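K.L.:
coords below, sequence missing:
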């Protein structure tokens, strides 16, 4: 993984997260997962919780290739009361 960017979605408990993957190996990546750590932030900036979610890697990724994908990452609406928001700060990947 290389670049990650976040953008607001139409609901405060969702966010659009774009991740770029670069395969620097000598063979194609055929499968894997992307794990997001989404932080719930209070109105005073306090980090109240981190909720994890997992999505499938946008495979296959050929050797030497770069591929980007945007996911809409959401948490349960009840976890984000008025005045709070989310930030997907942690992104990790595992591939085969």
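P.N.:
Perfect, thanks for sending it. Please read all numbers here as calculations on a predicted model, not as lab measurements. Numbers count the residues shown, from 1 in each chain.
K.L.:
middle-most residue in this structure, spatially?
P.N.:
Taking Cα atoms, centre = their mean, the centroid of the chain lies closest to residue 36, which sits 4.2 Å from it.
K.L.:
low-confidence regions, this structure specifically.
P.N.:
1-2 (pLDDT under 70).
K.L.:
tell me how far the residue nearest to the centre of the chain lies from residue 74.
P.N.:
Distance from residue 36 to residue 74, counting by Cβ to Cβ, to the nearest Å: 10 Å. All C-beta spots, glycine's among them, are computed from the backbone N, C-alpha and C.
K.L.:
same deal with residue 84?
P.N.:
14 Å.
K.L.:
residues contacting the host helix or strand of residue 35, please?
P.N.:
For residue 35, the element it lies in under DSSP states H and E is strand 32-41. Contact with strand 32-41 is made by 1, 15, 17, 19, 47-57, 59, 71, 73, 75, 79-80, 84-96, as judged by Cβ atoms under 8 Å, 6 or more residues apart in numbering.
K.L.:
so of the residues you listed, which ones are in strands?
P.N.:
Applying DSSP state E to the contacts of strand 32-41, the entries found in strands are 15, 17, 19, 47-56, 71, 73, 85-95.
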